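J.: got a structure for you, letters missing:
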Ligand SMILES: [Zn+2]
């Protein structure tokens, strides 16, 4: 099925083989073991930080982007919005312009349209978010289509970013915060209140019927990442994942991978999970895939 990948972190897409290309002294078995140890949110953060430590230059980022685009193309992905954690680039004190130019040049060569979401880290505060927002605003004509916030929801409530969101909206950016992944429905309400166009995860909405109705009525999609939620412990088990309830409540759903290397998944695998575990029919999946391209992709 032709489909779009709309929630994938470049840094979370570094397969063991790519890491070994970035650093030939790395043993592939060590890389595999690191990812296999990723069994809860803390383990995921450790694996993410470890993988990111191999992105040391713009050339490294370009290699990562190339590998991700090839992987997506092989799955009949025909459009992607890739999240680049600008917050991490700043934190690593790399030259953001050079890193961005490197990945943007790779995007221009990708076999399908690729755009970027620049992501700030909630618990790094509003000051960093402003920095990322300005970097995003400067690149609206250069493949940046949205601004997001990720990281620790409890330590960085959405309300703190209301002004930044307003600025981004005025600059022509769409707003795609992560929210309601491992906190509660209130975090999803907060994201809606500051103007989210789509919500990363948002699965806690399943705990609040009024919120599900609001998302359905406003047509705000949730970027659902099933494997991610199971591995980070956002849901107690695969069977407990609320994707079917969310969908049946009329809330638009987009299937995504989040961090495919760390969660050992692919976009095709996420569609298969939806079919096998949650009874999504072929017609329903066809519609989700079509919607990902035609309704929810920002630049289509
Ligand atoms: Zn994410």
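T.: The structure has been received and is ready for your questions. Every value quoted in this text rests on a predicted model; they were computed, and no experiment measured them.
J.: how many other residues sit next to residue 111?
T.: Close neighbours of residue 111, defined as other Cβ atoms under 10 Å, add up to 12. Using the backbone N, CA and C atoms, a C-beta is placed for each residue, glycine as well.
J.: now do the contacts for it.
T.: 69, 73 (Cβ atoms under 8 Å, 6 or more residues apart in numbering).
J.: assumed it was part of a helix.
T.: No: with DSSP: H, G, I helix; E, B strand; the rest coil as the criterion, residue 111 is assigned coil and is not in a helix.
J.: so where do the strands sit in the protein?
T.: Taking DSSP state E, the strands of the chain run over residues 3-9, 77-84, 114-121, 144-150, 174-175, 178-179, 199-201, 222-224, 253-255.
J.: could you dump those strands into a markdown table and include mean pLDDT?
T.: Listed next are the strands of the chain as a markdown table, based on pLDDT from 0 to 100:
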| stretch | mean pLDDT |
| --- | --- |
| strand 3-9 | 98 |
| strand 77-84 | 98 |
| strand 114-121 | 96 |
| strand 144-150 | 97 |
| strand 174-175 | 98 |
| strand 178-179 | 97 |
| strand 199-201 | 98 |
| strand 222-224 | 98 |
| strand 253-255 | 98 |
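J.: which helix runs longest in the chain?
T.: Using DSSP state H, we find that the single longest helix of the chain is helix 58-73.
J.: could I get the strands of the chain as TSV with mean neighbour count and distance to residue 17?
T.: Shown next, in TSV, are these (neighbours: other Cβ atoms under 10 Å; distance: least, Cβ to Cβ, whole Å):
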stretch	mean neighbour count	distance to residue 17
strand 3-9	27	17
strand 77-84	25	19
strand 114-121	25	21
strand 144-150	26	25
strand 174-175	20	33
strand 178-179	29	27
strand 199-201	28	27
strand 222-224	27	26
strand 253-255	24	24
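J.: now those strands as TSV including distance to residue 161?
T.: Below are those laid out as TSV (distance: least, Cβ to Cβ, whole Å):
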stretch	distance to residue 161
strand 3-9	18
strand 77-84	16
strand 114-121	8
strand 144-150	6
strand 174-175	9
strand 178-179	11
strand 199-201	14
strand 222-224	18
strand 253-255	22
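J.: looking at those strands, which is closest to residue 188?
T.: For the strands of the chain, the distance to residue 188 is smallest for strand 178-179, at 5.2 Å, taking Cβ to Cβ.
J.: partners of that closest one in the sheet?
T.: strand 199-201 (parallel) (DSSP bridges).
J.: residues touching the strand it pairs with, excluding its own?
T.: For strand 199-201, the surrounding residues in contact (Cβ under 8 Å, 6+ apart) are 7, 148, 150, 176-181, 188, 191-192, 205, 215, 220-225, 228-229, 234.
J.: again, only this time at 7 Å
T.: If you take Cβ atoms under 7 Å, 6 or more residues apart in numbering as the criterion, strand 199-201 is touched by 7, 148, 176-181, 188, 191, 220, 222-223, 225, 229.
J.: do stretch 180-197 as well
T.: Stretch 180-197 has contacts (Cβ under 7 Å, 6+ apart) with 41, 153-154, 157-159, 161-162, 165, 169, 174-177, 179, 199, 201-205, 207-208, 211, 214, 220, 232, 234.
J.: any of those buried? List them.
T.: Buried subset of the contacts of stretch 180-197 (neighbour count, 16 or more other Cβ atoms under 10 Å): 153, 158, 161, 165, 174-177, 179, 199, 201-205, 208, 211, 214, 220, 232, 234.
J.: test my guess that residue 211 contacts residue 203.
T.: No: judged on Cβ atoms under 7 Å, residue 211 makes no contact with residue 203 at a distance of 11.2 Å.
J.: quick one on the thing from earlier: among the buried ones among the contacts of stretch 180-197, which are in helices?
T.: Using DSSP H, the buried ones among the contacts of stretch 180-197 in helices are 165, 211, 214.
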